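Visitor: let's see this in three dimensions:
(2 chains)
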Amino acid sequence: MFGVLFEQAADGQRYIEWLLSGLGWTLALAFLGWWIAFAVGLVVGIGRTVQNRIIAALARLYVEIFRNIPVLVQMFLWYFVLPDILPTALGNAIKQIPPPWGSFFPALVCLGLYTAARIAEQVRAGIEALPKGQTEAAQALGLTGYQTYRFIIVPQALRLIVPSLTSEVMGIYKNTSVALTIGLMELTAQARQISEATFQTFTAFGAATLIYLALALLAYQMMVAIDKAVRIPGTTPAKDAIEPGPEDVQPVDSLPEGMEVAK
Amino acid sequence: MNSLDFSIVFQSWPYLWSGLLFSLALTAAASVIGMILGTCFALTQHFEVPVIGRIVRAYIALIRSIPLILVLFWFFFLVPIVLGHLSGNGRPIPIGATWTAFITFGLFEAAYYSEIIRVGLRAVNRGQFEACQALALSTFDTYRCVILPQVLRVASPIILSQTIILFQDTSLVYVLSLTDLLGAASKLAQLNSRLVEMYLVVALVYLAISSAASQCVASLRKRYAIAGSRR
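Guide: All right, here's what the predicted structure looks like:
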């Protein structure tokens, strides 16, 4: 059934190479986007919990904006709108980035910042799930506010939220497919291109589906392993994320053997 | 930086409005289909129906691990073929992108709603089932009158949050060239080369609707929590 993938395409490559190059873009986008999302999400999530009203309000604003605009619209904002509202010289410089990088960077920023808003909420939930005694004990020991977060609060919160981050990992690699709308030839786009070139739609989409399934399984197993390694003994995961997936109504141990993933 | 001119948005408002109505109709239809099917899916899991339960489990795992855009492509390709087989003459029946979108979103969302309800079913206290037995309720009455209402009440904030996500996801019908809110805007934008204004307005509309809905969900969650439940 997958024989056609090994035939030569019009550009001299084999179709399987199209798929693999698409996979490469998908992975690059998901991996780099994840670290942007994690870094920004951590900062914003901490910002949601600090005493300073202005910082907390700004962090909240960030989350509201990035969570309530569809990721596809955000993609268009970064790709079409941003170069036009920047000063002309800078905008033109952005427009002149050669493809595929001209699509890759907007997609990367878009996915990173979109996912960051979701991670921020998980971080906040993790921090709020910690008993007050932790902060009080840190203050009693004479730690400054920064030290309290750096050494006491954040390390514990991060260990608590690993299970809920699983769905964000799943989310970002699936959302990479939205980048096809701004012309990035990632996995789904390549599958569609193969289907159009060969009329073997079943094979083309089937292959892409299998690859996505394998990625989901891999990501899921990786997160389970990380959770096992860093789980604070005797704790259950944080419960009050703003968009609780089904998984936080149940103890994490009982995740079904399949995949507990979000969109 | 070119000067912005939003007059185009006001001139073309009826077209954008019809796009928005399509987005809302798609959201409403998909959430109704998704809830009904999702509840059935969840019950097959809950009763551990042989074979069917397994198939449903696999379907849900599959749908939840691949991107919605790929699902849309799949259904766009598969639905006419399946319909052709069902109608008996074996030839694919083209049904158009609109129907494809409705069918796809309904079936896709069913997988997500089903997980929410399945988990909700597990959260119901054992004593509720035992009390129903003691009252000699039939299995059907037990679920219809006692169990499912509680599940829906406990899960309603999550179900509503999922529906807001669904509303945002309907923008992906753009890849089927349909005229939803974003599709309408992008067609107008290309016609008038007013991309910046169009996309900014669309972003604001989505932002306003989604955040208003999220606020409602948050206040609902406070008001309708079952007294004494842990959430």
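Visitor: buried residues, the longest helix seen in chain B. List them.
Guide: Ranked by residue count under DSSP state H, the longest helix found in chain B is helix B:13-46. Buried residues in helix B:13-46, defined by neighbour count with 16 or more other C-beta atoms under 10 Å in any protein chain shown: B:16, B:19-20, B:22-23, B:26-27, B:29-31, B:33-35, B:37-39, B:41-46. All C-beta spots, glycine's among them, are computed from the backbone N, C-alpha and C.
Visitor: cool, and stretch A:155-170?
Guide: So for stretch A:155-170, counting by 16+ other C-beta under 10 Å, buried means A:156-170.
Visitor: now, which of the residues you listed lie close to chain B?
Guide: A:Met170 (C-beta under 8 Å from any C-beta of the partner chain).
Visitor: for A:Gln13, give its distance to A:Ala204.
Guide: As for A:Gln13, its distance to A:Ala204 is 15 Å (criterion: C-beta to C-beta, to the nearest Å).
Visitor: okay, these two: which has more neighbours?
Guide: Legend: neighbour count by other C-beta atoms under 10 Å in any protein chain shown for A:Gln13 and A:Ala204, higher for A:Ala204 (27 against 12).
Visitor: doesn't the more buried one fall inside a strand?
Guide: No - looking at A:Ala204 with DSSP: H, G, I helix; E, B strand; the rest coil, it is helix, so not inside a strand.
Visitor: find the nearest non-adjacent residue to B:Ile147, please.
Guide: Leaving aside its sequence neighbours, B:Ile147 sits nearest to B:Val124 (C-beta to C-beta, 6 or more residues apart in numbering or on different chains; 5.7 Å).
Visitor: neighbours around that neighbour, how many?
Guide: Using other C-beta under 10 Å, the number of residues around B:Val124 comes to 16.
Visitor: surely it meets B:Leu152?
Guide: No - B:Val124 sits out of contact with B:Leu152 when judged by C-beta atoms under 8 Å, with a separation of 11.1 Å.
Visitor: check the burial of B:Phe10 by counting its neighbours.
Guide: The burial count for B:Phe10: 9, using other C-beta under 10 Å.
Visitor: what pLDDT does it get?
Guide: pLDDT for B:Phe10: 81.
Visitor: in which helix or strand would I find it?
Guide: helix B:7-11 (DSSP states H and E).
Visitor: got a list of what A:Leu77 touches?
Guide: A:69, A:110, B:199-200, B:203 (C-beta atoms under 8 Å, 6 or more residues apart in numbering or on different chains).
Visitor: kindly report the same for B:Leu4.
Guide: B:Leu4 touches B:196-197, counting by C-beta under 8 Å, 6+ apart.
Visitor: how about it, secondary structure?
Guide: Classified using three-state DSSP, B:Leu4 is coil.
Visitor: any idea how far it is from A:Leu165?
Guide: According to C-beta to C-beta, B:Leu4 and A:Leu165 sit 39 Å apart.
Visitor: ok, A:Ala129 next?
Guide: In terms of C-beta to C-beta, A:Ala129 sits 14 Å off from A:Leu165.
Visitor: what's around B:Asp169, how many residues?
Guide: Neighbours of B:Asp169 under the rule other C-beta under 10 Å: 21.
Visitor: which non-adjacent residue is nearest it?
Guide: What sits nearest to B:Asp169 in space, not counting adjacent residues and going by C-beta to C-beta, 6+ apart, is B:Leu68, at 5.9 Å.
Visitor: any idea how many residues pack against the one you found?
Guide: 24.
Visitor: does it really touch B:Thr170, like I thought?
Guide: No - applying C-beta under 8 Å as the test, B:Leu68 and B:Thr170 come out as separate, 9.8 Å apart.
Visitor: now the closest residue to A:Trp18 other than its chain neighbours: how far from chain B?
Guide: Nearest non-adjacent residue to A:Trp18, counting by C-beta to C-beta, 6+ apart: A:Gln190, 4.8 Å away. Separation of A:Gln190 from chain B (C-beta to the nearest C-beta, to the nearest Å): 11 Å.
Visitor: in the host helix or strand of A:Gln190, what counts as buried?
Guide: If you go by DSSP H and E, A:Gln190 is part of helix A:187-198. Buried residues in helix A:187-198, counted by 16+ other C-beta under 10 Å: A:187-195, A:197.
Visitor: got the contact list for stretch A:130-149?
Guide: By C-beta under 8 Å, 6+ apart, the surrounding residues in contact with stretch A:130-149 are A:46, A:50, A:151-153, A:156-157, A:160.
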